[in-house]
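*Asks:* sequence first, then the predicted structure, then my questions.
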Amino acid sequence: MPKILPFRAVRPTRDKVSLVAARAYEHYTEEGRKFRMDRNPFSFLHILDPGYKYHKEVTGRDRFTLVRNRYQEFKEDGIFIQDEQPAYYAYKIIDRDGNVFSGMIAAASVEDYENNIIRKHEETIQHREELFKEYLDTVGFNAEAVLLTYPDNSDIERVLEKTMASRAEYEFTTTFRDTQYLWPLTDEAEIAEIKKAFETIDCIYIADGHHRSRSSYLLAKAHQEDGKKNEAFNYFMSYLIPESDLKIYEFNRIIKGLNGHTKESFLVALDAVFRIENRGTALYKPTKKHHFTMYLDGEFYSLYLRHSQREFGNPLERLDTQLLYDHILRPLLGIEDMRNDDRLGYTDGRKDMVYVKDIIDKGDFTVGFGMLPVTIQELKEIADAGLTMPPKSTYIEPKLRSGITIYEF
């Protein structure tokens, strides 16, 4: 059973939360980041980009130290305050398309991560793990929650719905037209109900944030080895939502060149594994698993995996992103390392194949592939089997803003 605990969050005052909240740092262009910081002195970006204060770029360990300094200044100026008692934080997002995500922010256990009670479906990159671990250790806080998902549970839902029936502590709308709400949940009886409900759940799953959770685990282990006894290191901040609220999009693939193939020889090679139909200029979108869209030389194609190829030994082998790698990217296009081969690019499924078509028509890429999104059941089966998906197999929402709740060590 997972250990999910309340904690004393550091968070903005109610009047400033909409000004503080920021998307993840890497989601901004340099120009966009500077535009926001020029006009908003309360943006969390001032903490994440501390060199802005000195009109210079600061990197490495120096940046980590300055991040901590900017954070302390926000606390000293009363922009951030820490709650006096531990709480779960009921959190709801209604996005511009009307999708509703309801869950809670809480502390999840690194021990559960180690013991596979919190299960993973993606590989992590060691240098990124170590870098973020060092970052966390230096700054002393975590402002980005790991997205975890659990089986729908009526007891947890009942407590959260009761909490959300009252006036929210935070209610604000972002420039992306997402409306976000937060309610601190401090009633001891209700906290006990939620803890008891999680005791009936065997395991939970990482939806987004594999590097953040891994880095938190490494940090806890390092402090245990050093003999430092700070219980806060044994947990990491998470946003937990039921499986039915999770929104999973696909990642489409775009590739430069055909690895020496002509268009004709590439189609012939594909024909050995796929039933191919030329759809001309009409957009084709797959409707079944193991069906793919391909856009090449101004035309769309449907690719259906031949039934003779549908003998699978494990859940990973029947995953469409893995099939694309096994039958096209590696053998035909020569792409071995999907993380680092600069011939391979990705676009998330919110932009669909029309976006892929536009990129390819501009000449930057040669061929594009689309597929159906991974399902939550596929994600769980792969995690349960101890397997990992290819990179960029899922684009999962919701995406939380940074700076709304902060977990201190």
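*Replies:* Yep, that arrived.

*Asks:* C-alpha only now, for contacts and for neighbours.
*Replies:* Will do.

*Asks:* Met294 and Lys362, how far apart?
*Replies:* 16 Å (C-alpha to C-alpha, to the nearest Å).

*Asks:* out of the two, which sits in the busier spot?
*Replies:* Shown here are Met294 and Lys362; by other C-alpha atoms under 10 Å, Met294 has more neighbours (26 against 9).

*Asks:* Asn40 contacts Ser18, doesn't it?
*Replies:* No - counting by C-alpha atoms under 8 Å, Ser18 is not a contact partner of Asn40; they are 10.7 Å apart.

*Asks:* residue contacts, Leu48?
*Replies:* By C-alpha atoms under 8 Å, 6 or more residues apart in numbering, Leu48 lies in contact with 25, 67.

*Asks:* tell me where the model's unsure across the stretch 251-400 of the chain.
*Replies:* Low-confidence segments of the stretch 251-400 of the chain (pLDDT under 70): none present.

*Asks:* where along it do the strands fall?
*Replies:* Listed in chain order, the strands of the stretch 251-400 of the chain (DSSP state E, counting those that start in this stretch) span residues 251-255, 274-280, 291-296, 299-305, 344-348, 367-370, 395-397.

*Asks:* show me which residues of the third one are buried.
*Replies:* Applying a neighbour-count criterion of 16 or more other C-alpha atoms under 10 Å, one finds 291-296 buried in strand 291-296.

*Asks:* out of the residues you listed, flag the one nearest to Val356.
*Replies:* Of all these, Tyr295 has the smallest distance to Val356: 8.0 Å, by C-alpha to C-alpha.

*Asks:* between Asn40 and Ser18, who's got more neighbours?
*Replies:* When neighbours are counted by other C-alpha under 10 Å, Asn40 and Ser18 differ, and Ser18 comes out ahead with 22 against 14.

*Asks:* surely the more buried one forms part of a strand?
*Replies:* No - membership of Ser18 in a strand is not supported by DSSP: H, G, I helix; E, B strand; the rest coil, which gives helix.

*Asks:* and it, what does it touch?
*Replies:* Ser18 makes contact with 172-174 under the criterion C-alpha under 8 Å, 6+ apart.

*Asks:* and if you look at Ile79?
*Replies:* By C-alpha under 8 Å, 6+ apart, Ile79 lies in contact with 12-13, 16, 42.

*Asks:* helices of this structure, start to end?
*Replies:* In the chain, the helices defined using DSSP state H lie at 17-20, 30-39, 45-48, 60-76, 110-114, 126-139, 154-164, 188-198, 210-225, 263-271, 320-324, 352-361, 376-384.

*Asks:* coming back round to it: for Gly140, find the nearest of the strands of the stretch 251-400 of the chain.
*Replies:* Each of these has some distance to Gly140 by C-alpha to C-alpha; the shortest is strand 395-397, at 26.9 Å.
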